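1. Got a predicted structure plus its sequence, pasted below:
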Amino acid sequence: MDDLLAARSQMAISLMFHIIFAVVGIATPFMMFISEALWLKTGNPIYLALTKRWAKGTAIFFAVGAVSGTVLSFELGLLWPQFMEWAGAIIGMPFSLEGFAFFTEAIFLGLYLYAWNRIPPLAHLFAGLMVAVSGAASAVFVVTANAWMNTPRGFEMSQGRPVNIDPIAAMLNPAAFPEVLHMLLASYAAVGLAVAGIHSFVLLRHPNDRFHRAALSIALLVGGPAVLLQPISGDISARMVARTQPVKLAAMEGQFRTEAGAPLRIGGWPDPEKRETRWAIEIPKGLSLLAYHDPNAVVRGLDDFDPALHPPVKIVHVAFQVMVACGMLMAAVVLAAGILVIRRKGLPENRRLLQALVLVSPLGLVAIQAGWFVTEVGRQPWIIQGVMFTRDAVTPMPGLIVPMTVITLIYLLLGVVVLILLKQQVLLTTPSKAVNQEGTQDA
Amino acid sequence: MLELSCAVIIAVALNVYLLLGGADYGGGVWDLLATGTRKERQRRLIERSIGPIWEANHVWLIAAIVFLFTAFPPAFSRIMTFLHLPLLLMLLGIVFRGSAFAFRSYEARVDFRRRWGTVFAAASLLTPVLLGTVIGAIAWGRVDGELTSAAVFLTCWLGVFPLSVGVYALAMVAFLAATYLTVEAEEEDLQEDFRRRALLSALFLGFMAAWVLGVASFQAPEILEDLTRTRWSWALHAVTAASALGAMAALWRRHFHLARALAALQVSLIVWGWAFSQYPHLVKPDLTLYEAAAPAVTLRLLLIILAVGSLILAPSLYYLFRVFGKIGGPGAPAKNGT
């Protein structure tokens, strides 16, 4: 493995690890806020126990997320010093704002987790709200910085250096809004359905447990609407990519030739030798319709671009298919749940639905990973689209395979420990006992 | 002026990180060194005292890094390139300290708690040493932008001077933590335990200060020159020494609140003594803050963000520290005993 590939792998592994903890940090505070508000409104101790249980589970995620996020802020420089030297003045702004958001999150998280019986109930609820809002704000700023790498704005080039820098224009780049919207919805969708799946699993064994019924409702309330809104946000993103990064779109769709009325390919395996994507189900004119809202629009194929500037088309196409498939399956299950709710049928009585929720529960997180593969691998060979190659940004330090291996092993270890702790927290306590225990005990 | 303001803000962030985040590492060091019959009670006090605030305290480091790469991108790039290895090791320490602390807090099984408790304590010891080593290397002047051979990635930081600064930083955080814990201990026997530890680490800190100066005079005499450049630097060092002696006297006479304030003052003055000796360099020997600065528009925006952000941040931080009794009296009482 050469140094460039090692650096890219280390960055990918660090991001894949961190994003799981980041999305949990965005979505669970919102669920805890709803649950705690219900406790204050109804006085039903189940909601208090649920809030505390979720808080306990997510505290570990917050801690690991805080440190893995620190690793990333250093890795920007440790692995890509040329990129940071070039771009720091332009995109430092969203990172600085993210720093403030994370600061606010950490302060109110400390209050939220440790001050249950030190501050008034409404102040505690407010702390929870602040954690939820600042967690979402962190995501907005960080994704804005990434969007700039895809659609760099806010500077002019002069002899290879940026001049006339405008950090505000850089933040308002065309990819920022679509990417931010897509990522926020993805966070609520993925975590909402993951949590719903966990509680469905317990409900399959204890169908009448009120604690887990309440948990399922709140998780679906947060995750369900996000799952159903995500296709709209996906459409906004796809049209932005078509406009600003046609090579990435061609790779996502496995579109080799430039054609009017291009078909939408579902599945399939791109064959760069033969310049075609085989075994896909093709919907005539579907891609032109989706990307440009015009069935006869011309979609530029990979052949239109210098082969040296093609991203790895197999990875990008397959990752995109995986992301969309996960989203569709989740939407189908949420629609079924929605129909049951409209017909006023209890969800937990329907074992089929609970089983389906368990099955789709990891898919949101899979979709997030796949989606970031599309965004990042789809931009290669560029680190800043059209401006700087990834290979020109990497550190000159030799032997990068060693740090890459060390980081990978450590994250594997931490991942396993978090899973063990989570399993004990959520699954092994019998439900009825949990309410009695946590209703009386301090956090 | 803009450049200098941004550099001062980075030094402030590092200073506060050392006072708050540093003391959390110091707590871990005293967890590692817990002895005697009150061992478990010492560890519980440390855990209780770090728990609610370590994540907020940790953000000061991230703030310093983010401000550095926004305001002075070439300096960030050079530090991250040359000091890759000590920074990577420091990151491993940060990762293990934070995760292990959280793992330990949320699990009741004794063997699990002991295992991750050891990881937490060992990482708390190593991280400040590496942070100090990085700062020592920046002052040492071998991070000079010349990549003559791959060995530079080792020789620019692996020397007696940077490593001595690493141990010096360890002495600072251990001293800060022990002094803070004398205030936070509610029982007198624990208070006495940490008073003894604070006094011992104050002596160790004094020894390390002399040692670092001694090493500098052999290995890097220009650092000594920079430290004593003007009459102002002599005045600064005199106040540092006075607060060091004052902190020890206050500990001796059991004025713990006063000792805590003087200890924080002493360590802050050490940081500023270093910062003034660096001026105008961000990275010695040749990268000044004026050469490395981002365009004025970026610096101005950064300062505006800082001003606006502080309006939210300052009251929130005050509230956090007030509720947990870190400042201004015993804090909000915990109902039905936490």
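-> Looks like it arrived, so ask away. Numbering: from 1, shown residues only, chains lettered A, B, ... in the order given.
2. can we go C-alpha only for contacts and neighbour counts from here?
-> Fine.
3. Quick test: name the residue nearest the centre of chain A.
-> Chain A has residue A:368 as the residue nearest its centroid, 4.4 Å off, counting by Cα atoms, centre = their mean.
4. Give the next helix or strand downstream of the helix or strand hosting it.
-> Take DSSP states H and E as the rule and residue A:368 turns out to sit in helix A:363-377. Next in sequence after helix A:363-377, counting helices and strands by DSSP H and E, comes strand A:382-384.
5. For the helix holding residue A:368, which residues meet the burial criterion?
-> By 16 or more other Cα atoms under 10 Å in any protein chain shown, the buried positions in helix A:363-377 come out as A:363-377.
6. Got phi/psi on residue A:256?
-> Main-chain torsions, residue A:256, degrees, to the nearest 10: phi -90, psi -40.
7. Let me see the confidence value for the residue of chain A most remote from its centre.
-> Largest separation from the mean C-alpha position in chain A: residue A:159, at 36.9 Å (Cα atoms, centre = their mean). Confidence at residue A:159, expressed as pLDDT, is 89.
8. could you measure residue A:24 against residue A:39, distance?
-> Distance, residue A:24 to residue A:39, using Cα to Cα, to the nearest Å: 22 Å.
9. Between those two, tell me which one has more neighbours.
-> Higher neighbour count among residue A:24 and residue A:39: residue A:24, with 22 against 18, using other Cα atoms under 10 Å in any protein chain shown.
10. so what's that one up against?
-> By Cα atoms under 8 Å, 6 or more residues apart in numbering or on different chains, the contact list for residue A:24 reads A:58, A:61, A:187, A:191.
11. Kindly recompute the last result at 10 Å.
-> Neighbouring residues of residue A:24 by Cα atoms under 10 Å, 6 or more residues apart in numbering or on different chains: A:58, A:61-62, A:65, A:135, A:187-188, A:190-192, A:194-195.
12. same deal with residue B:72?
-> Residues in contact with residue B:72 (Cα under 10 Å, 6+ apart) are A:85, A:88-89, B:3, B:6-7, B:66, B:282, B:288-295, B:299.
13. Write the ChimeraX selection for whichever of those residues are buried.
-> Per 16+ other Cα under 10 Å, the buried members of the contacts of residue B:72 correspond to this ChimeraX selection:
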select /A:85,88,89 /B:3,6,7,66,282,288,289,290,292,293,294,295,299
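14. What parts of the stretch 101-250 of chain A come near chain B?
-> Residues of the stretch 101-250 of chain A found near chain B (Cα under 10 Å from any Cα of the partner chain) are A:101-119, A:127, A:163-168.
15. Okay, buried residues for stretch A:394-405 please.
-> Applying 16+ other Cα under 10 Å to stretch A:394-405 flags A:394-397, A:400-401, A:403-404 as buried.
16. can you check stretch B:95-110 too?
-> Within stretch B:95-110, the residues that count as buried by 16+ other Cα under 10 Å are B:95-106.
17. contact partners of the helix or strand bottoming out on mean pLDDT in chain B?
-> In chain B, no helix or strand scores lower on mean pLDDT, DSSP states H and E than helix B:221-227, which sits at a mean of 85. Under the contact criterion Cα under 10 Å, 6+ apart, helix B:221-227 has outside partners B:139-141, B:213-218, B:228-229, B:233-234, B:236-237, B:273-279, B:284.
18. The stretch 301-443 of chain A: strands as residue ranges?
-> With DSSP state E, counting those that start in this stretch, the ranges of strands along the stretch 301-443 of chain A come out as A:382-384, A:388-389.
19. Show me what the shortest one is packed up against.
-> Looking back up the chat, that one is strand A:388-389. Here strand A:388-389 touches helix A:81-114, strand A:382-384, going by 3 or more Cα pairs under 10 Å, 6 or more residues apart in numbering or on different chains; DSSP states H and E.
20. mind listing what it pairs with, with the direction of each?
-> The strands that strand A:388-389 pairs with in its sheet are strand A:382-384 (antiparallel) (by DSSP bridges).
21. circling back to that earlier point, from the contacts of residue B:72, which land in helices?
-> A:85, A:88-89, B:3, B:6-7, B:66, B:289-292, B:299 (DSSP state H).
22. hang on, isn't residue A:85 packed against residue B:73?
-> Yes. Counting by Cα atoms under 10 Å, residue A:85 touches residue B:73, with 4.6 Å between them.
23. following the helix or strand containing residue A:125, which helix or strand comes up?
-> Assigned by DSSP H and E, residue A:125 falls within helix A:121-150. Per DSSP H and E, the first helix or strand lying C-terminal to helix A:121-150 is strand A:156-158.
24. Within the sheet, what are the partner strands of the next helix or strand after that next one, with directions?
-> Counting by DSSP H and E, the next helix or strand C-terminal to strand A:156-158 is strand A:161-163. Strand A:161-163 sits in its sheet next to strand A:156-158 (antiparallel), going by DSSP bridges.
25. Run the angle between the longest helix anywhere in chain A and helix A:363-377 for me.
-> For chain A, the longest helix by residue count, based on DSSP H, is helix A:3-42. Computed by axes from the mean of the first three to the mean of the last three Cα atoms, to 10 degrees, the angle separating helix A:3-42 from helix A:363-377 equals 140 degrees.
26. Past helix A:3-42, which element shows up next along the chain?
-> For helix A:3-42, the following helix or strand on the C-terminal side (DSSP H and E) is helix A:45-79.
27. so where's the chain uncertain?
-> Since no chain was named, I'll use chain A. By pLDDT under 70, the low-scoring segments of chain A are A:426-443.
28. actually it's chain B I care about, not the one you picked
-> Counting by pLDDT under 70, the ranges of chain B that qualify are B:328-338.
29. Tell me where it has helices.
-> Using DSSP H, the helices assigned to chain B run over residues B:2-32, B:39-50, B:54-71, B:73-82, B:84-105, B:110-140, B:152-155, B:160-184, B:188-219, B:221-227, B:231-252, B:256-278, B:289-292, B:296-323.
30. Can I get those helices in CSV including distance to residue A:183?
-> Shown next, in CSV, are these (distance: least, Cα to Cα, whole Å):
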stretch, distance to residue A:183
helix B:2-32, 31
helix B:39-50, 33
helix B:54-71, 23
helix B:73-82, 28
helix B:84-105, 25
helix B:110-140, 33
helix B:152-155, 38
helix B:160-184, 39
helix B:188-219, 48
helix B:221-227, 49
helix B:231-252, 50
helix B:256-278, 41
helix B:289-292, 34
helix B:296-323, 24
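31. I'd say residue A:329 and residue A:360 touch.
-> Yes. With contact defined as Cα under 10 Å, residue A:329 counts as touching residue A:360 (7.1 Å).
32. okay, these two: which has more neighbours?
-> When residue A:329 and residue A:360 are compared for neighbours, residue A:360 comes out ahead with 21 against 17, by other Cα under 10 Å.
33. Contact partners for that one?
-> Each residue near residue A:360 by Cα under 10 Å, 6+ apart is listed here: A:190, A:193-194, A:196-197, A:326-327, A:329-333.
34. Check residue A:301 too.
-> Contacts of residue A:301 by Cα under 10 Å, 6+ apart are A:246-251, A:253-259, A:262.
35. Restricted to strands, list those residues.
-> Per DSSP state E, strands hold the following members of the contacts of residue A:301: residue A:259.
36. Reformat the contacts of residue A:301 as JSON lines; add neighbour count and distance to residue A:77.
-> Shown next, in JSON lines, are the contacts of residue A:301 (neighbours: other Cα atoms under 10 Å in any protein chain shown; distance: Cα to Cα, whole Å):
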{"residue": "A:246", "neighbour count": "19", "distance to residue A:77": "29"}
{"residue": "A:247", "neighbour count": "27", "distance to residue A:77": "28"}
{"residue": "A:248", "neighbour count": "27", "distance to residue A:77": "26"}
{"residue": "A:249", "neighbour count": "27", "distance to residue A:77": "29"}
{"residue": "A:250", "neighbour count": "27", "distance to residue A:77": "31"}
{"residue": "A:251", "neighbour count": "27", "distance to residue A:77": "29"}
{"residue": "A:253", "neighbour count": "27", "distance to residue A:77": "33"}
{"residue": "A:254", "neighbour count": "30", "distance to residue A:77": "34"}
{"residue": "A:255", "neighbour count": "27", "distance to residue A:77": "35"}
{"residue": "A:256", "neighbour count": "24", "distance to residue A:77": "36"}
{"residue": "A:257", "neighbour count": "16", "distance to residue A:77": "39"}
{"residue": "A:258", "neighbour count": "15", "distance to residue A:77": "39"}
{"residue": "A:259", "neighbour count": "16", "distance to residue A:77": "42"}
{"residue": "A:262", "neighbour count": "27", "distance to residue A:77": "41"}
